[in-house]
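**Q** Starting from these lines, generate the structure:
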Amino acid sequence: MFREESTQYSQYEVGRMQKRIARLKTLALKYKRAEVTQNMLLEISNLAAQVNSPEEFYSEIHRSLNLLLHADNFFVALLNTDTNILEIPFFLDEKDTHPYESYPKEALSETLVSGITGYVLRTGEYLLCDESKFNELIESKQIVSRGAPSHHWLGVPIKVNNSVAGVLVVQSYSSNINFTEMDIELMNFVSHQISGVMERLQHQEQLEQAIVQRTKELSVAYEKLKQEVFERRRAERLQQSLFEIADLATSNIDSKVFYSELHRVISHLIPANNCYIALLDKQLSHINFPFYVSQASSCLPDSRKVCDGLTEYVIKTRKPLLLHNSELEALIDSGEIYSKTPELNCTKDIYQWIGIPLFIHGQVRGALTIYSISISQSYQEKDLELLTFVSQHIATAIEQKLSAETLKNSYEQLEEKVVERTQALAILNQDLENEIAQRRKIELQLVHDANHDTLTGLPNRAMFMERLSQAVKHIRRHGLDRFALLFIDLDRFKLINDTLGHLEGDRFLMETSSRLKLCIRDNDTLGRIGGDEFVILLDSINGTDDAEEVAERVLTELSRPYKLANQHFISGASIGIAFSHNHKSDTSESLLRDADAAMYQAKTNGKGCYVIYDDKSHKLLNQDVKLELELQNALSNHELLLSYLPIQNLRSETTMALEPRLYWNHPRLGKIKQAHLNNIAEHCGLTTELDIYLLQRLNSDYQALQKHSLSLLPLHINISGKHLKHKHAVRQLKNALKQSRFKAEQLWLFFDEQGFILDTDNHINAFEILTSLNVNLGLMAYGSAHSALSSLTFLPLQGLKLDPSYANQLESKQHIKLLKAHFLTAQALELTVFVDGIGTTQQSEALQEIGFTLGQGQALGKVLRLTTISDLFCA
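**A** Predicted coordinates:
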């Protein structure tokens, strides 16, 4: 019984041992496969890092895969990124032949894309496909059946830079061969290695292309550099040769050595084994050869008469020649050369010949010639150009050499005269030194005059603006510093000039500058920028009180009486003050403008005071700018109208002429008269446009004047002198007069006398142009500028209109004498005289006693407007 139990137990144990042995064999097989797999993956990784071509890599991949899975049917499909065509770099199959044998690349790509390979390429995911899965994809029309049917198909995408670049495929045709998850992981690893190889090879290919491109660029750059080096060396040789030729020209060597050295210099630039220089004598009748070298002969040719040789041909043509043997023969055959002296013909052995004419003392006085007797020594056009360029310097050197020889002969004669002239030169030298000293003194005075006012010696506008600009720059760099600008306009200066004359006016300005100097410090700047306008730059002030204190001192000093023409005269000033603010927008011009605006506000406030520039002053300035813009619009819209001031006979009080004056019914400011319009136009540069508008408005009023029987009266038109300063302005005025509806004889053009004396030449030229139109010309405000009486003799004038100040000062005996002088002068010159500004009957009677018969003013009729005229009859 025990033996039976023992036997049964042993069989149970044996069964357990057999199962354990089977499991151990299975584990051993797995470990062995894992070891083989690990070795294969390491081998593939090493291969991916070392392989140099994709074909070699794919072949090794297939060999390694066969160790772990059935890979007899294996291929790689890659997408070409340049052509977007699917290519097969490696293919191995038991049934199908290589696709390239059946399809071209484009057709093969379309076939693969439509099949199961294209499905993996589109989805970017691996696909393990059996027959049922394959049929399912076909039925859903996601793929088209391509190639022989397989039992199992495994495709893994190859991704490069996160994009699907191809597909790695293995397939089996036997039902005994199935692919597992381990095979999928293995294929994924292989595809990853392939993508790494593709990236590395792609980078390597790009690097190689970049190297090739860079090599080409470096090659081109090297060739350019070689050419530049060649040209530079050639230029250096040429420059060195020119230096040597220049040295030869000034060297003290004999002629033989001189010409030999010239030949040496030429040989450095161009082969010159056969070379000679030919020169004509002074009479141009003979030709000699100061230098001659030849491979065929060592004898120097003798001097001979000028004939029809090849050298003479170059001299006659006056241009460089490069002639081949055939061209020389053609010249000989045509009789151009050697027809009269065939014995001089030695050209039969010459292969090429270069002849360059030499210009000496401005004439062709010779020729430089080189030639070759062998075809191995060939000249080109660039050699001709080079030799032509060098020949100019050679001719200069020869010219200097010949001149030096001539100079040497005359030098001895010159030395004899040197002694005689030395004493005379010593005297002249002393005079010259005195003249130089005087000239330096004059130059210093000119520099001073250019920057200073000639009357007062103060800095003029240009110099003052320069210092003001420097002060502005200083403030920008040193923000804590401050300065002030005082703009001073003298009161009653015009009255002084009109009553006492310009001489006393100059004394008044000089006295004023002396008083102003007493009011400022040494580091301040006082300048005169206009007739009666002074400016003070107060540098480095502590506050506004400093400027106000100076302004008070100025007002006090200028309010003291002046002694002019043996009588006391009280003046005064209006002062505008502007301060620096360290604004980036501040400039010397803007600060001067601000001070000027404040000064005008001081005049408005009653003169004899000062005003500090502020926003209110700026607002007034803006109002002026606005008014200027409104005037421009008014001119464009024809809003200005005309009134007519009668010019009457003082005895009969009949109207002899009319003076048209513009006025403007401003919607905000009311009526603006001609004088105010002139001021506005002066500020905004519309003076000439205002005058042209007046002439055009006269044409518009013609019918109305004709209706009231006024169209035949003479018209006195006051014209700005700016029309006479430029040709364009004169032409504009001339065209406007030609378009006038009034007869030219009716028009009297009166120009301001003061403007005339400031620019006499332009006025004279313009007067000649206007005279050709048959209009009458005259000067208005005559006597205010005290122009020379002689100026009336060379001007084509027909009339004078005296300044209104004369009518207002008839109580002065001196003025009555001056009026009589003007009257007699006008009579002598046959000029018609008109008196302006007659305000009372007494003034009219006094003027009649002197002899005046024509005038205008408040006492001689009211201003006429065409809308209010009823009847007016001419004398």
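**Q** Just the helices from the stretch 401-550 of the chain, written as ranges.
**A** In the stretch 401-550 of the chain, the segments counted as helices under DSSP state H, counting those that start in this stretch are 461-477, 493-500, 502-517, 544-559.
**Q** okay, those helices in TSV with mean pLDDT, distance to Asn66 and mean neighbour count next?
**A** Yep, even glycine has a C-beta here, placed from its N, CA and C like the rest. TSV is the format used below for these (pLDDT from 0 to 100; distance: least, Cβ to Cβ, whole Å; neighbours: other Cβ atoms under 10 Å):
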stretch	mean pLDDT	distance to Asn66	mean neighbour count
helix 461-477	91	87	16
helix 493-500	75	119	18
helix 502-517	91	115	17
helix 544-559	92	104	17
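**Q** Out of the ones you listed, the one nearest Thr793 is which?
**A** helix 502-517 (21.0 Å; Cβ to Cβ).
**Q** orientation of that closest one relative to helix 493-500 in degrees?
**A** Between helix 502-517 and helix 493-500, the angle comes out at 140 degrees (axes from the mean of the first three to the mean of the last three Cα atoms, to 10 degrees).
**Q** okay, helix 502-517 in CSV with CA atoms only?
**A** Only the C-alpha atoms of helix 502-517 are listed here, as CSV (Å, rounded to 0.1, in the frame of the first residue of the first chain):
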residue,chain,number,x,y,z
HIS,A,502,19.3,164.0,-40.1
LEU,A,503,22.5,165.5,-38.7
GLU,A,504,20.9,166.3,-35.4
GLY,A,505,19.0,163.0,-35.5
ASP,A,506,22.4,161.2,-35.7
ARG,A,507,23.7,163.3,-32.7
PHE,A,508,20.5,162.3,-30.8
LEU,A,509,21.2,158.6,-31.5
MET,A,510,24.8,158.9,-30.4
GLU,A,511,23.8,160.7,-27.2
THR,A,512,21.2,158.0,-26.5
SER,A,513,23.7,155.2,-26.9
SER,A,514,26.0,157.0,-24.4
ARG,A,515,23.2,157.3,-21.9
LEU,A,516,22.2,153.6,-22.4
LYS,A,517,25.8,152.5,-21.7
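**Q** what packs against it?
**A** If you count contacts as 3 or more Cβ pairs under 8 Å, 6 or more residues apart in numbering; DSSP states H and E, helix 502-517 packs onto strand 484-490, helix 493-500, strand 525-528, strand 533-538, helix 544-559, strand 562-564.
**Q** between these, which one is nearest to Ile332?
**A** Closest of the helices and strands packed on helix 502-517 to Ile332 is strand 525-528, at 85.8 Å (criterion: Cβ to Cβ).
**Q** Just name the shakiest helix or strand of the protein by mean pLDDT.
**A** Here the helix or strand of the chain ranked lowest by mean pLDDT, DSSP states H and E is helix 753-758, holding a mean of 64.
**Q** Give the next helix or strand downstream of it.
**A** Where DSSP states H and E defines the elements, the next helix or strand beyond helix 753-758 is helix 760-771.
**Q** next SSE after that next one?
**A** Counting by DSSP H and E, the element after helix 760-771 in chain order, helix or strand, is strand 776-782.
**Q** Can you tell me which helices and strands whichever helix or strand comes after that next one packs against?
**A** With elements assigned by DSSP H and E, the helix or strand that comes after strand 776-782 is strand 799-802. Strand 799-802 sits against strand 747-752, strand 776-782, helix 813-828, strand 832-836, with contacts defined as 3+ Cβ pairs under 8 Å, 6+ apart.
**Q** Format the ones you listed as CSV; extra columns: mean pLDDT, distance to Ala148 and mean neighbour count.
**A** CSV is the format used below for the helices and strands packed on strand 799-802 (pLDDT from 0 to 100; distance: least, Cβ to Cβ, whole Å; neighbours: other Cβ under 10 Å):
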stretch, mean pLDDT, distance to Ala148, mean neighbour count
strand 747-752, 92, 115, 22
strand 776-782, 90, 119, 24
helix 813-828, 86, 132, 15
strand 832-836, 94, 125, 23
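**Q** a markdown table for these, including distance to Gln674?
**A** Listed next are the helices and strands packed on strand 799-802 as a markdown table, based on distance: least, Cβ to Cβ, whole Å:
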| stretch | distance to Gln674 |
| --- | --- |
| strand 747-752 | 13 |
| strand 776-782 | 13 |
| helix 813-828 | 25 |
| strand 832-836 | 13 |
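**Q** Quick one, which of these gets closest to Asn497.
**A** When those are compared by Cβ to Cβ, strand 776-782 sits nearest Asn497, at 12.3 Å.
**Q** what does the closest one contact?
**A** The contact list for strand 776-782, computed with Cβ atoms under 8 Å, 6 or more residues apart in numbering, reads 714, 718, 745, 747-754, 756, 767, 770-771, 795-804, 822, 831-832, 836.
**Q** hmm, try it at 7 Å
**A** 718, 747-754, 756, 767, 770-771, 796-803 (Cβ atoms under 7 Å, 6 or more residues apart in numbering).
**Q** And stretch 810-829, by the same measure?
**A** The list of residues contacting stretch 810-829 from outside it, by Cβ under 7 Å, 6+ apart, reads 783, 789, 792, 800, 802, 806, 809, 833, 843, 846, 850-852.
**Q** With only the CA atoms kept, save that stretch in CSV.
**A** What follows is stretch 810-829, C-alpha atoms only, in CSV (Å, rounded to 0.1, in the frame of the first residue of the first chain):
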residue,chain,number,x,y,z
LEU,A,810,4.2,177.0,-41.3
GLU,A,811,4.7,179.1,-38.2
SER,A,812,8.4,178.3,-38.5
LYS,A,813,10.4,180.7,-40.7
GLN,A,814,13.0,178.0,-41.4
HIS,A,815,10.3,175.7,-42.8
ILE,A,816,8.8,178.5,-44.9
LYS,A,817,12.3,179.1,-46.4
LEU,A,818,12.6,175.3,-47.0
LEU,A,819,9.2,175.3,-48.7
LYS,A,820,10.2,178.2,-50.9
ALA,A,821,13.3,176.3,-51.9
HIS,A,822,11.3,173.3,-52.8
PHE,A,823,8.9,175.4,-54.8
LEU,A,824,11.7,177.1,-56.8
THR,A,825,13.5,173.8,-57.4
ALA,A,826,10.3,172.2,-58.8
GLN,A,827,9.7,175.2,-61.0
ALA,A,828,13.3,175.0,-62.3
LEU,A,829,12.9,171.3,-63.0
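**Q** circling back to that earlier point, with respect to pLDDT, which of the contacts of stretch 810-829 ranks lowest?
**A** Ranked by pLDDT, those bottom out at Leu789 (64).
**Q** for this structure, longest strand please?
**A** Counting by DSSP state E, the longest strand found in the chain is strand 655-666.
**Q** could you point out which element follows that strand?
**A** Next along the chain after strand 655-666, taking DSSP H and E as the criterion, comes strand 670-672.
**Q** What are the buried residues along that next one?
**A** Neighbour counts over strand 670-672 (16 or more other Cβ atoms under 10 Å) mark Ile672 as buried.
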